[in-house]
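Novice: Okay, structure incoming, though there's no sequence with it:
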């Protein structure tokens, strides 16, 4: 009597396992962890993930931060800004490749705290104009 139930359970499991594999619609670019003080240790503000839909725009961060470390996929540049509209030059943040353990690269801001960030692909080199 138990055998039909077990057979049904495994058939259902096999059928639903095919639906579990979903394509990634918004590909992963990196993770960040911010701190309200320098040193990447005290006053941890939490961790966040940024995806391709968050690139190429200015992202206002919910809290001011004075240190940050990031894991970022190759081919992207992360900048932190002291201007909430990303109108200053920004600071290029050095990252650690995703999946890498220690050492984590801590980036510190002395002076006005960072309040926003952007993630962009490197701009291609402008070809030289020849006459």
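Specialist: Good, I have the coordinates. Owing to the predicted nature of the structure, the values given are computational and were not obtained by experimental measurement.

Novice: Residue 51 and residue 27: what is the separation?
Specialist: Distance of residue 51 to residue 27, given as Cβ to Cβ, to the nearest Å: 6 Å. No exception for glycine: its C-beta is placed from N, CA and C like everyone else's.

Novice: higher neighbour count, these two?
Specialist: Neighbours per residue, other Cβ atoms under 10 Å: of residue 51 and residue 27, the larger number sits with residue 51, 14 against 11.

Novice: Who are the contact partners of that one?
Specialist: Contacts for residue 51 (Cβ atoms under 8 Å, 6 or more residues apart in numbering) come out as 26, 27, 28, 29.

Novice: Let me see the contact set for the second one.
Specialist: I take that to be residue 27. 51, 52.

Novice: Start the count at 13 instead of 1 going forward.
Specialist: Sounds good: first residue 13 from here, last item residue 39.

Novice: Which of the three states applies to the nearest residue to residue 63 once chain neighbours are set aside?
Specialist: For residue 63, ignoring the flanking residues on the chain, the nearest one in space by Cβ to Cβ, 6 or more residues apart in numbering is residue 38 at 4.3 Å. Here residue 38 is coil, with the state taken from DSSP: H, G, I helix; E, B strand; the rest coil.

Novice: Pull the contacting residues for residue 38.
Specialist: Neighbouring residues of residue 38 by Cβ under 8 Å, 6+ apart: 63, 64, 65.

Novice: Recalculate using a threshold of 10 Å.
Specialist: Contacts for residue 38 (Cβ atoms under 10 Å, 6 or more residues apart in numbering) come out as 62, 63, 64, 65, 66.

Novice: Surely residue 52 and residue 108 touch.
Specialist: No - Residue 52 is beyond contact range of residue 108, at 11.3 Å (criterion: Cβ atoms under 10 Å).

Novice: Now the common contact residues for the two.
Specialist: Joint contacts of residue 52 and residue 108 (Cβ under 10 Å, 6+ apart) are 81, 116, 117, 118.

Novice: Among those residues, which one lies nearest to residue 70?
Specialist: residue 81 (20.6 Å; Cβ to Cβ).

Novice: Report the beta-bridge partner residues of the closest one.
Specialist: Listed by DSSP bridges, the beta-bridge partners for residue 81 are residue 45.
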